[in-house]
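Chemist: the following comprises the amino acid sequence and a computationally predicted model.
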2 protein chains.
Amino acid sequence: MAVTLKDVAARAGVSRSAVSRTFTDGASVSARTRRKVMEAADALGYRPSVFASSLTTRRTRLIGLVSDNFRNPIFLEVFDQFTRAIQAVGYRPLLVNLGDTEGATNPVEMLQSYSVDGVLIASSTLPAETVSEFAHSGIPLVHTFGRYTNSPTVDTLAVNNERCGALAARALLDRDYKRIAFLGGPEEATSTQDRMAGFLSEAASASGVSTSVSFASAYSFAAGRAEMQRLIAADDALAEGYFCGDDVLSVGAMSALQEAGIQVPSDVGIIGFNDMAMASWQNINLTTVHQPLEEIIGASVNRLLELLDNKEATPQSRLFEGQVMDRGTLPPLG
Amino acid sequence: MAVTLKDVAARAGVSRSAVSRTFTDGASVSARTRRKVMEAADALGYRPSVFASSLTTRRTRLIGLVSDNFRNPIFLEVFDQFTRAIQAVGYRPLLVNLGDTEGATNPVEMLQSYSVDGVLIASSTLPAETVSEFAHSGIPLVHTFGRYTNSPTVDTLAVNNERCGALAARALLDRDYKRIAFLGGPEEATSTQDRMAGFLSEAASASGVSTSVSFASAYSFAAGRAEMQRLIAADDALAEGYFCGDDVLSVGAMSALQEAGIQVPSDVGIIGFNDMAMASWQNINLTTVHQPLEEIIGASVNRLLELLDNKEATPQSRLFEGQVMDRGTLPPLG
DNA sequence: ACCCTGGTTGCAACCGGTTGCATTTTTCCC
DNA sequence: GGGAAAAATGCAACCGGTTGCAACCAGGGT
């Protein structure tokens, strides 16, 4: 069976308190006692139980990392960054996959049962009600990739979707395209709406430019491909350049174009969103709007840490700027 | 502050034991008491603390999910499947990213501190010593994607790499290629060695066929690309068909071929390994060896569950069969 | 009415730690 | 060397639950 405080205390010939104190820094223990305890602990292979101590300290150093997106390649990077950032500050991620049919136990209650210190939601597609369920639990919460608001009810960090949309429009306008289009994700996704809004308002600032929009049913390759196939088959002429609301949408769209014998970028230009690792692969070589993932995630974890110290902090919404990565799916600039 | 057993007991006018019993099934409580307790619990929003109870029950229903691979797209699928499978049986994944510089706390000790019920290692590239460190902790352990042995020291489940290598060789031989090659991952990775062994032995069974092998420095796009560039630049003629030890290696290799003006599959055939989601994207359309991921992962979780009930079970090694997915990077048969 | 049985309940000890407080030991200064 | 302050230590209660045990209760059989 596992070795406990008591075992170590017995072997070291000291009280249980002494052992406890050697393992909590800042506590008052003499060097001699500490040494005796350490020897006994090493000999026995003692590991303090986080949960036993959490009973009194009320800290588990556990963070619920919840997401509903386990399909988009960008999320592998997201999980990598999050877990590293969480581990780097001495916490541990308890991963929650919201993907399965809700039949299972309520994730909020679950996280309460596990006494997580805080929760990080990583999703741009979660319904607002779901997020507020988490918020009502009283557990410190940060929503990464959530939507910006002036008076947020939960701390939110995300890329400036609107400005990114404008950036994408600008990139297309700079190519002198007169007919440009937005190919978004699901129409109800706020990230789609914001990217579109920025895109359209920037386009409106140029004269003689016509815009159109359409939506894929999901942020996925298949949906992007299907939507572009639909556009190709439709009577209307294709636009000269498309801003796709996600890199996987772009790749899907490109596969449809390619099959129809339409060349990218000479016939149609494409600019994506996210800058997933794959976008820079030479045979994809996707021009796209880069999202400063590492920065956003680092800031999210830091913000959650602040919240742990100060539960009364008023929620903030913070925005990060994107950046166009010029690659091969738009013609080179003049 | 959180509401506890005692609060519920007080409100329901029963003892703490009664409350505890209401929430542990199989315990003896009258219907009337149960109802009173439930009402009080609902009114107060009571959530039993897993950790408090784990002190006496010695079960946290936490499973350490450890991996060192947060770059290969196939692992997004792996994490999706694992988390779902773990959640489906009422457990929770504590995710450990071995990626960061080992400077941090020892992951084994960490998992002991958190009293995880079991550990799942998902990696085909972890050094054997690391795995045995986990094994020595005494925590029930299953190594998914580990190497098959007749007398394993830890439970291992994986695809039959050798047979998959043979399958790949067979696919190339069936195209009447006379010069075929293996482009593996890191030479020291056991998965690479096994895939190569199967590949070479199958190739040896055919007459008049020459083989060659080379290794990429990692299971990554960049490494696959670099290695293929090296092969192209080398004096020797390219082989007619390549078996790449991983899909991302294949895509990297294909990018190099494409840039050199070498057509796939007419000039050179490619067969990959894994069948990641992206492999079926029409503009990748990679012929590859499919690994039955869902089956392997489901079996891994089940096996771990068995181990939890029976800690003395002797370790087993179990193999699953792969399957060639015919797509566009090898010429059609016959 | 009495005894027995089987289900329900509360008490109290325990799981593995932490911590306030009182006591003992050490250190420091004169 | 003596005395006071500071540091170290142990005791015991507590964190939020579980569980063996004994007491209790209702009902059935005779």
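Modeler: Structure received. Residues are numbered from 1 along each chain as shown, chains lettered A, B, ... in the order given.

Chemist: residues in chain A within reach of DNA strand D, list them.
Modeler: Residues of chain A lying close to DNA strand D by CB under 7 Å from any atom of the strand are A:14-18, A:21, A:28-33, A:52, A:55-56. In short, each C-beta sits where N, CA and C put it, glycine included.

Chemist: drop anything exposed from those.
Modeler: A:14, A:18, A:21, A:29, A:33, A:52 (16 or more other CB atoms under 10 Å in any protein chain shown).

Chemist: I'd guess A:P93 is in a strand, am I close?
Modeler: Yes: secondary structure of A:P93 (DSSP: H, G, I helix; E, B strand; the rest coil): part of a strand.

Chemist: count residues in the vicinity of it, would you?
Modeler: 25 (other CB atoms under 10 Å in any protein chain shown).

Chemist: doesn't A:R84 make contact with it?
Modeler: No: the pair A:P93 and A:R84 fails to qualify as a contact (CB atoms under 8 Å) at a distance of 9.8 Å.

Chemist: now, which of the residues of chain A next to DNA strand D sits nearest B:V268?
Modeler: A:A52 (60.9 Å; CB to CB).

Chemist: nearest spatial neighbour of the residue nearest in space to the middle of chain A, skipping sequence neighbours?
Modeler: Nearest to the geometric centre of chain A sits A:A122, at 4.1 Å (CA atoms, centre = their mean). Nearest residue to A:A122, sequence neighbours excluded (CB to CB, 6 or more residues apart in numbering or on different chains): A:S67, at 4.5 Å.

Chemist: roughly how far does that neighbour sit from A:T144?
Modeler: Computed as CB to CB, to the nearest Å, the A:S67 to A:T144 distance reads 9 Å.

Chemist: go on, A:A253?
Modeler: As judged by CB to CB, A:A253 and A:T144 stand 27 Å apart.

Chemist: cool, A:V248 as well?
Modeler: Computed as CB to CB, the A:V248 to A:T144 distance reads 19 Å.

Chemist: ditto for A:V3
Modeler: For A:V3, the distance to A:T144 - CB to CB - is 39 Å.

Chemist: more crowded one of those two?
Modeler: Neighbours were counted for A:V3 and for A:T144 using other CB under 10 Å; A:T144 has more, 25 against 15.

Chemist: beta partners of the residue nearest to A:A122?
Modeler: In this structure, A:S67 bridges to A:N97, A:A122 when assessed by DSSP bridges.

Chemist: three-state assignment of A:V142?
Modeler: Classification of A:V142 by three-state DSSP places it in strand.

Chemist: do I have it right that it meets A:S300?
Modeler: Yes: counting by CB under 8 Å, A:V142 touches A:S300, with 5.2 Å between them.

Chemist: intersection of neighbour lists for these two?
Modeler: A:120, A:157 (CB atoms under 8 Å, 6 or more residues apart in numbering or on different chains).

Chemist: can you confirm A:F182 is in a strand?
Modeler: Yes: looking at A:F182 with three-state DSSP, it is inside a strand.

Chemist: quick one, phi/psi of the closest residue to it other than its chain neighbours?
Modeler: Spatial nearest neighbour of A:F182, excluding adjacent residues (CB to CB, 6+ apart): A:V213 at 4.4 Å. The phi/psi pair for A:V213 (degrees, to the nearest 10) reads phi -140, psi 150.

Chemist: what's near enough to touch A:V213?
Modeler: Counting by CB under 8 Å, 6+ apart, the residues that A:V213 touches are A:181-184, A:196, A:200.

Chemist: most widely separated two among these?
Modeler: Applying CB to CB across those, the maximum distance is between A:L183 and A:L200, 13.2 Å.

Chemist: kind regards, and thank you for your time.
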